[in-house]
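Visitor: sharing a model that was predicted from the sequence below.
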Amino acid sequence: MTKAWIDCSAGASGDMFLGALADAGVDLALMQDAACALATEPIRLSAKTVKRHGLTGTKVDVAVPEVSVDRRWRAIRAMIEDSRLGDEVKARSLDTFARLAAAESASHGIDVEDVHFHEVGALDSIADIVGAAAGLASLGAASVTASTVTVGGGTTRGSHGSIPLPAPAVLRVLADAGAPVVGAVPYEACTPTGAAIVAAAAMEATSGGGFGAMPEMVVERIGVGAGGRDPKERANLLRIVIGSEARPSAGAPGHVHEAGHGTAEPHGNAGGSARPVVIETNVDDMDPRLWPPVLAALLEAGASDAWLSPILMKKGRPAHTLHVLCRPEVIGRVRSALVRHTTTIGMRSYEIEKYALEREYDHVEVDGHRIGIKIAREGGEVVNVSVEYEDAVAAAAALARPLKVVMAQATAQAATRY
């Protein structure tokens, strides 16, 4: 599964985003073709390498024709809908502009359909949004996460005169997305276009992403996009880190050990700001014999745990509530497994706080047969040691002994770890 993390510690803008995508290997021609699909005169994108505080990045410039553009939301929406863009790029572009329209509507107290995009209506900003949508779609990332967004502060000149920073539209867009923000610098670090692109990317409905620290991944590509200015406070660079889901090595803390047969991955909140999620659904029309493979499929999809609770529904029907605990980055896969393996037609989810002990994995041997053990510590002190059940079952079968005997022998050896 491909993941992407957007580092907005220096802010965000449309050209920074295009630069980061190009620097990460996205074909500049692909983004230019998307921008040109808006049924206007040709739009040209060019890229060059620049330095910001001694660090290199890619700066993308947008050259647009001198044409009059209706900057109202309804006109921009029609322009995108009537274009030859692919469905995914259209959807991403429309989502980005819809977020801006809602923010401008709330900021100026006008109907969303009549929103007139003064700051983002020009063709170059439209090209930024559509080009970024095409570039993001080409990554095929199942999960997109963004960092805290540096928005800056001070004042700037807009079409209505002097306005405070961060701009009202920037704050509205990021607030609506639930994005964490920080001022940090005395200038406009985040533009409305940049805020909307980041918000739409991180909140895309099926991504399982959001806002937080860089998720665990094997890094494959890094893209660094540069903004137009080079302020003294910090390097004006936006980064996109692209990678694949990390595969745990044997015995790695926080993952299932080599000897065991389970697939659930224990986790807590330590080491990252993203909180675990519980997904639930009530099911009253499924053959109960199907539940064991359902639970197995959910664990295979990346769930940390899955369990059933018996309930009594309306009209006295016996049913089950299926509970699934998972990390935010695997929500999409878990939801997909739920709808494919059960009869549910909907589900609910909520974040939780979870406290998990430190864990490590080892093994003992019973007459030459390896049996995994799980060791739990609190503050470095061993407080629990348990034997992996499936390993004990396999050893008992191989030794032709009762399972209770093998469990007792393995447990006796494991107890020496206290």
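Guide: Cool, the structure landed. Numbers count the residues shown, from 1 in each chain.

Visitor: now whichever strand or helix holds L299: buried residues?
Guide: Element membership for L299 (DSSP states H and E) is helix 291-300. Buried residues in helix 291-300, defined by neighbour count with 16 or more other C-beta atoms under 10 Å: 291, 294-295, 297-299. (Each C-beta comes from the backbone N, C-alpha and C, glycine too.)

Visitor: element containing the closest residue to A226 other than its chain neighbours?
Guide: Spatially, and ignoring its direct neighbours in sequence, A226 is nearest to G57 (3.6 Å; C-beta to C-beta, 6 or more residues apart in numbering). Assigned by DSSP H and E, G57 belongs to strand 55-63.

Visitor: what sits against the residue nearest to Q409 when sequence neighbours are not counted?
Guide: Leaving out its chain neighbours, the residue that sits closest to Q409 by C-beta to C-beta, 6+ apart is V366, at 4.9 Å. With contacts defined as C-beta atoms under 8 Å, 6 or more residues apart in numbering, V366 is in contact with 395, 399, 406, 409-410, 413.

Visitor: what subset of those is buried?
Guide: Buried among those (16+ other C-beta under 10 Å): 395, 406, 409-410, 413.

Visitor: make TSV out of those residues and add pLDDT and secondary structure.
Guide: As requested, those are exported to TSV (pLDDT from 0 to 100; DSSP: H, G, I helix; E, B strand; the rest coil):
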residue	pLDDT	secondary structure
A395	94	helix
V406	95	helix
Q409	95	helix
A410	94	helix
Q413	93	helix
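
Visitor: so R74 touches D111, yeah?
Guide: No. R74 is beyond contact range of D111, at 10.2 Å (criterion: C-beta atoms under 8 Å).

Visitor: which of the two has more residues huddled nearby?
Guide: R74 (13 against 9; other C-beta atoms under 10 Å).

Visitor: so the nearest residue to G302 once chain neighbours are set aside, which state does it fall into?
Guide: Of all residues not flanking G302 in the chain, V330 sits nearest, at 3.5 Å (C-beta to C-beta, 6+ apart). Classification of V330 by DSSP: H, G, I helix; E, B strand; the rest coil places it in helix.

Visitor: low-confidence ranges, the stretch 1-150 of the chain, go.
Guide: 39-40, 67-70, 118-122 (pLDDT under 70).

Visitor: what are the buried residues along the next helix-or-strand element following the strand holding G57?
Guide: Downstream of strand 55-63, the first helix or strand assigned by DSSP H and E is helix 73-81. Neighbour counts over helix 73-81 (16+ other C-beta under 10 Å) mark 73, 76-77, 79-80 as buried.

Visitor: please save the CA atoms from helix 73-81 in PDB.
Guide: Provided in PDB are the C-alpha atoms of helix 73-81 (Å, rounded to 0.1, in the frame of the first residue of the first chain):
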ATOM      1  CA  TRP A  73     -17.700  29.000  -8.000                       C
ATOM      2  CA  ARG A  74     -20.400  27.900 -10.400                       C
ATOM      3  CA  ALA A  75     -18.400  28.900 -13.400                       C
ATOM      4  CA  ILE A  76     -15.200  27.200 -12.200                       C
ATOM      5  CA  ARG A  77     -17.200  24.100 -11.300                       C
ATOM      6  CA  ALA A  78     -18.700  24.000 -14.800                       C
ATOM      7  CA  MET A  79     -15.200  24.500 -16.300                       C
ATOM      8  CA  ILE A  80     -13.900  21.400 -14.500                       C
ATOM      9  CA  GLU A  81     -17.000  19.300 -15.000                       C
END
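
Visitor: what helices or strands is it leaning on?
Guide: Packing partners of helix 73-81 (3 or more C-beta pairs under 8 Å, 6 or more residues apart in numbering; DSSP states H and E): helix 87-108, helix 123-139.

Visitor: mind putting those helices in TSV, distance to A179 and mean neighbour count included?
Guide: Below are these laid out as TSV (distance: least, C-beta to C-beta, whole Å; neighbours: other C-beta atoms under 10 Å):
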stretch	distance to A179	mean neighbour count
helix 87-108	11	21
helix 123-139	16	26
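
Visitor: CSV for those helices, including distance to R234?
Guide: Formatted as CSV, the helices and strands packed on helix 73-81 follow (distance: least, C-beta to C-beta, whole Å):
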stretch, distance to R234
helix 87-108, 26
helix 123-139, 22
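
Visitor: for G380, which of those is the nearest?
Guide: G380 lies closest to helix 123-139 among the helices and strands packed on helix 73-81, at 41.3 Å (C-beta to C-beta).

Visitor: in terms of contact, does A37 touch V130 like I think?
Guide: Yes. At 7.4 Å, A37 counts as touching V130 under the criterion of C-beta under 8 Å.
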